[in-house]
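just need the structure, nothing else, for what follows:
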Amino acid sequence: MRSVKAVPYALGAFVLGVLGVISGDFAFQWQPVPEHVPLRSVLASVSAVAMAGAALAAVLPRAAREGRLLLAIFFGVWAVLLHGPHVAAKPGSVAEWLGVAESTAMAAGGVALFAETLEAKIWRRRLTFSARIAFGLCLLVFGLAHFVYLAFTAQMVPAWLPWRTGWAAATGAGHVLAGLAFLFNRGLKAAGPAVTGMMASFVVLLHTPRVIAEPTSRMEWTMMAVALTLTGAAFALWRRNVEPEPESAEAALPPEPPVQ
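The predicted structure follows:
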């Protein structure tokens, strides 16, 4: 079950890595690496190969711990080193905070998946708690962005759906409510599957048709991969926070004999 839980998250990250290998470039606005960086194309290719490898490792029992940790670090670096300076320059821009939130949410998914591979219960709990809080804050930013950029968000809703602005507002509200649930650890048995299902619907109803319509578009594939990774992160964090905490490996060991 632990490996299955990581599949959506790892699959999204794997597609991002493959896209980077094919294009020899970073992932558009999700990796805003300046053009003047030395050996930029080489770094992009190395980064992409490493991400694809880490994604594969994340679902293999013998390499899951290392793969999940590497993915968490990858996305964390995107958030802090790549998006952090943009937020520092424009702290009032919701668009810049959205970039941080997307990368942080993906990093939080990796942290939660990594936590369940640890034997020490205290570290499992600390990392799970940190990932839950970070993910909750990210969901609040997602919801805020839906309302601040309501007209743009409505344009992303499939044209065959009626009341597109209403759907944009409803999903924004859903993000906010789910964010509060994760922050306060209340109602996750309902909010967890709800936000995971909502994000999965974005992959199926929004991004998949766009990829089918433009199968050679790297941007469309990238958006779908990011959406899939976010869905996987939501799924991992939901399950991690509602499943019973397993006993640590140390607790299962027999007590040491008393010193004579």
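
which residues in the stretch 1-150 of the chain form helices?
2-5, 7-23, 40-57, 64-77, 84-89, 94-115, 121-148, 150-156 (DSSP state H, counting those that start in this stretch).

and V4, what's its pLDDT?
For V4, the pLDDT comes out at 85.

run a quick neighbour tally on it.
8 (other CB atoms under 10 Å). Just so you know, the C-beta spots here come from the backbone N, C-alpha and C atoms, and that holds for glycine as well.

for F26, what are its contacts?
With contact set as CB atoms under 8 Å, 6 or more residues apart in numbering, F26 has these partners: G20, P32, V33, R40, A44, S47.

ok, so of those, who is nearest L150?
The nearest member of the contacts of F26 to L150, counting by CB to CB, is P32 at 24.5 Å.

coming back round to it: which one (most neighbours) among the contacts of F26?
For the contacts of F26, the largest number of neighbours (other CB under 10 Å) sits with G20, at 24 neighbours.

can you redo the contacts of F26 as JSON lines with pLDDT and distance to G99?
Listed next are the contacts of F26 as JSON lines, based on pLDDT from 0 to 100; distance: CB to CB, whole Å:
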{"residue": "G20", "pLDDT": "98", "distance to G99": "17"}
{"residue": "P32", "pLDDT": "97", "distance to G99": "7"}
{"residue": "V33", "pLDDT": "97", "distance to G99": "13"}
{"residue": "R40", "pLDDT": "96", "distance to G99": "19"}
{"residue": "A44", "pLDDT": "98", "distance to G99": "18"}
{"residue": "S47", "pLDDT": "97", "distance to G99": "17"}
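
export those to a markdown table and tack on distance to H207?
Converted to a markdown table, the contacts of F26 look like this (distance: CB to CB, whole Å):
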| residue | distance to H207 |
| --- | --- |
| G20 | 18 |
| P32 | 21 |
| V33 | 23 |
| R40 | 27 |
| A44 | 23 |
| S47 | 23 |
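
of all those residues, which comes closest to T208?
Nearest to T208 among these, with distances taken as CB to CB, is G20, at 20.7 Å.

for the closest residue to that closest one other than its chain neighbours, give me its contacts.
Nearest residue to G20, sequence neighbours excluded (CB to CB, 6 or more residues apart in numbering): A48, at 2.6 Å. Contacts for A48 (CB under 8 Å, 6+ apart) come out as L16, G17, V18, L19, G20, V21.

go again using 7 Å as the cut-off
The contact partners of A48, by CB atoms under 7 Å, 6 or more residues apart in numbering, come to G17, G20, V21.

ditto for T104
A79, A134, C138.

neighbours of P91, just the number please.
Neighbour count for P91, taken as other CB under 10 Å: 9.

I am finished for the moment; much appreciated.
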